[in-house]
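# I'd like to go over a predicted model; first the sequence, then the structure.
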Amino acid sequence: MTETTGENGIRLLDAAIQLHPKDQVAIVKQEITAGTNLRIDRPGAGASNVLVQQSIPAGHKIALKKIPAGAEVLRYGHKIGVASQAIEPGDWVHSHNLVVGDMSRDFNIRVSQSPGDRVSIDPVRTFSGFRRPDGRAGTRNFILVISTVSCSAQTAQAIADHFTPELLAAYPHVDGVLAITHYSGCTMPPDSLAYQYLERMLLNLACHPNVGAVLYVSLGCEVMQIGPVLQAAHLDIPVLTIQELGGIQKTTAAGIRLVESLLPTVNACHRTPVPMSKLTIALQCGGSDGWSGVTANPLVGLVADQVVAAGGTVVLAETPEIYGAEDLLTMRVVSQLAGEKLVERIRWWQSQAALLGFSLDNNPTPGNKAGGLTTIFEKSLGAIAKGGSTPLMAVYEYAELIASNGLVFMDTPGYDPAAVSGQVAGGSNLVLFTTGRGSVFGGGLAPCIKIASNSRTFTNMSADMDFNAGDILDGVSMAVCRDRLLELLLQIASGESSKSEQKISRQMEFIPWQPGAML
């Protein structure tokens, strides 16, 4: 209940959230109009009033005290930038008076002395999954039709589209026939990063725990020749080549026959109880706002800690979106090597920015800024909260197979479809995806649980959102929300459809990271 302090008066704790005692700013819960008085109650220091100078949108920052020009501005108790001009108490703090400032970084590494303290397998918590011969477990049971090049994408999609829900009703343990298509595979140097990443992704997807069987569809003349790759990996997987089979129609017919022959075998794999330790969860955010780092991301961090405590794996990513907050990871690594590898990846992004003439502070999108995020430092501090508090066990390059348990990091771009594609190719069998503005990314191969940072987005996009972290702003405790989200996670891992999976057309949003030149 709001407590007023005279005309247009309101308590700070009712109107805004100060995330750390050192912060000179607070995040407003709802729009506050100019002329409103905020009463700030400080233990042992009495009460003071701040007059709101401009109308401030929900999720944005208000200054609680005077900040001189050039002074650091703190949120979460960490620097998010510097004041580009003098900021008065009650001012709206955003791009017009806050800039990132000096972006040079000094990287500190501290090895955790007791990396295993938080890890204790809980034999009670299980989900109903598909056990695979290599010891991993799937949350879904798909047949994949993978195009090796954009030229074969239409054919791969036509093969998958043939297998409608009505046709698959006779195979209740098959979750679908899914086409993996993309817009690359040719006109790329064979020694480039783009080629390396795509080859790695196409190969690793065939071994994904959510996959029961796979076939490839190639054109024949493309740069990405999958045959030698499969031979080198000692994998006997069919490849249909359009140029050899005589065109799209003949290849589509051959693909349908091949999938029909695979269905009985894939359907023979049933769901059985599987320990939570078999979960590998991609942690992701997109369309973030000022509340993402207050509600949804810290909530996911608490769930991540629970999964790690049960022996599972959580995969943090988006290297440009930990920039400025990387110390929160490098200061809790289990080895010097892991810390150095993370720093090396950050330095690579710094060099790319210098080479190509862009700034890492360009990362907050117009939507992020409209939602209250001003600088990359501020965005990173909120984004990194998804990783929870456990030690960082390992650092992986893009789309590498993930072999470690616990919290790991994968080097990816900040563009979430490309980032998730890499995390899934690495073996993630579930995705926890937070959003403030309302991302509609759905994945496909790994079920994607969408978590809204605020009640307005959750209500407005109820057909796309699975969980409302905005309840935290309404007084529901983090612990209660953590338990609810963990329970939902296990239900969806066991076969309950996420909102993204309830869409009429099931398509894998597969976007390989393609750095470098196109020939």
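Cool, got the structure.
# Run a quick neighbour tally on residue 384.
26 (other C-beta atoms under 10 Å). In short, each C-beta sits where N, CA and C put it, glycine included.
# now do residue 278
Residue 278: 24 surrounding residues under other C-beta under 10 Å.
# what's the closest non-adjacent residue to it?
If the residues on either side of it in the chain are set aside, residue 278 comes closest to residue 137, at 3.9 Å by C-beta to C-beta, 6 or more residues apart in numbering.
# now swap in residue 238 and tell me
Nearest-residue entry for residue 238: residue 215, 4.7 Å, with adjacent residues in sequence omitted and distances by C-beta to C-beta, 6+ apart.
# measure the one you found to residue 266 for me?
12 Å (C-beta to C-beta, to the nearest Å).
# who touches both of these two?
Taking C-beta atoms under 8 Å, 6 or more residues apart in numbering as the contact rule, residue 215 and residue 266 both touch residue 143.
# Enumerate every residue touching residue 330.
By C-beta under 8 Å, 6+ apart, residue 330 lies in contact with 107, 108, 109, 110, 339, 342, 343, 392.
# The same query, at a cut-off of 10 Å, please.
Listed by C-beta atoms under 10 Å, 6 or more residues apart in numbering, the contact set of residue 330 reads 107-111, 322, 338-340, 342-343, 346, 392.
# ok so, going back, the residue nearest to residue 238: helix or strand, and which one exactly?
Mapping residue 215 onto the secondary structure by DSSP states H and E places it in strand 211-218.
# looking at it, the residue nearest to residue 238 is touching residue 156, isn't it?
Yes - when contacts are counted by C-beta atoms under 10 Å, residue 215 is listed as touching residue 156 (8.8 Å).
# Just the buried positions in stretch 32-52, please.
32, 36, 37, 38, 39, 40, 50, 52 (16 or more other C-beta atoms under 10 Å).
# Between these, which sits nearest residue 208?
When the buried residues of stretch 32-52 are compared for distance to residue 208 (C-beta to C-beta), residue 32 wins out at 47.9 Å.
# any idea how far residue 257 is from the residue nearest to residue 238?
As for residue 215, its distance to residue 257 is 11 Å (criterion: C-beta to C-beta).
# Which of the two has more residues huddled nearby?
With neighbours defined as other C-beta under 10 Å, residue 215 and residue 257 compare such that residue 215 has more, 20 against 10.
# residues touching that one, list them.
Contacts for residue 215 (C-beta under 10 Å, 6+ apart) come out as 143-146, 156, 159, 206, 237-240, 254-255, 258-259, 262.
# Go again with 6 Å.
Applying C-beta atoms under 6 Å, 6 or more residues apart in numbering, we find residue 215 in contact with 145, 238, 258.
# Can you name the residues that contact the first one?
With C-beta under 6 Å, 6+ apart as the criterion, the residues that contact residue 145 are 156, 159, 160, 179, 215.
# quick one: the helix or strand where it lies to strand 211-218, angle?
Assigned by DSSP H and E, residue 145 belongs to strand 142-147. Using axes from the mean of the first three to the mean of the last three C-alpha atoms, to 10 degrees, the inter-axis angle of strand 142-147 relative to strand 211-218 is 10 degrees.
# partners of strand 142-147 in the sheet?
strand 176-180 (parallel), strand 211-218 (parallel) (DSSP bridges).
# so how far is the first residue of stretch 287-297 from its last?
End-to-end distance for stretch 287-297, by C-alpha to C-alpha, to the nearest Å: 12 Å.
# chain center to that stretch: distance?
Computed by C-alpha atoms, centre = their mean, to the nearest Å, the separation of stretch 287-297 from the middle of its chain amounts to 13 Å.
# neighbouring contacts of that stretch?
Applying C-beta under 6 Å, 6+ apart, the contact partners of stretch 287-297 are 27, 59-60, 367-368, 371-372, 382, 385-386, 434-439, 451, 453-454, 469, 472.
# Tell me which residue lies nearest the centroid of this structure.
Most central in the chain under C-alpha atoms, centre = their mean is residue 284, positioned 1.0 Å from the mean C-alpha point.
# Thought residue 433 was touching that residue, still the case?
Yes - judged on C-beta atoms under 6 Å, residue 284 makes contact with residue 433 at a distance of 4.7 Å.
# Just give me the closest of the contacts of residue 215 to residue 459.
Distance to residue 459, by C-beta to C-beta, is smallest for residue 145 among those, at 37.4 Å.
# on that earlier part again, by neighbours, which of the contacts of residue 145 wins?
Result: residue 156 is most packed of those (other C-beta under 10 Å), 28 neighbours.
# tell me the mean pLDDT for the helix or strand in which it is found?
Assignment of secondary structure by DSSP H and E places residue 156 within helix 153-161. In this model, helix 153-161 carries a mean pLDDT of 97.
# and stretch 262-270, which residues are buried?
Here stretch 262-270 shows 262, 263, 266, 267, 269 as buried, counting by 16+ other C-beta under 10 Å.
# for stretch 461-473, same thing?
Residues of stretch 461-473 classed as buried by neighbour count (16+ other C-beta under 10 Å): 461, 464, 465, 466, 467, 468, 469, 470, 471, 472, 473.
# Assumed the third one was part of a helix.
Put plainly, it is residue 465. No - applying DSSP: H, G, I helix; E, B strand; the rest coil, one finds residue 465 to be coil, outside a helix.
# Next up, phi/psi of it, please.
Phi and psi for residue 465, reported as degrees, to the nearest 10, are phi -100, psi 140.
# residues contacting it?
By C-beta under 6 Å, 6+ apart, the residues touching residue 465 are 450, 452, 458.
# Generate TSV for the residues you listed, with pLDDT as supplementary columns.
Below are the contacts of residue 465 laid out as TSV (pLDDT from 0 to 100):
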residue	pLDDT
450	97
452	97
458	97
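# By neighbour count, which of the residues you listed wins?
Busiest of the contacts of residue 465 [other C-beta under 10 Å] is residue 452, holding 32 neighbours.
# bridging residues for that one?
Per DSSP bridges, the residues bridged to residue 452 are residue 435, residue 468.
# Can you name every helix or strand that the helix or strand hosting residue 340 contacts?
Assigned by DSSP H and E, residue 340 falls within helix 336-356. Judged by 3 or more C-beta pairs under 6 Å, 6 or more residues apart in numbering; DSSP states H and E, helix 336-356 is in contact with strand 392-396.
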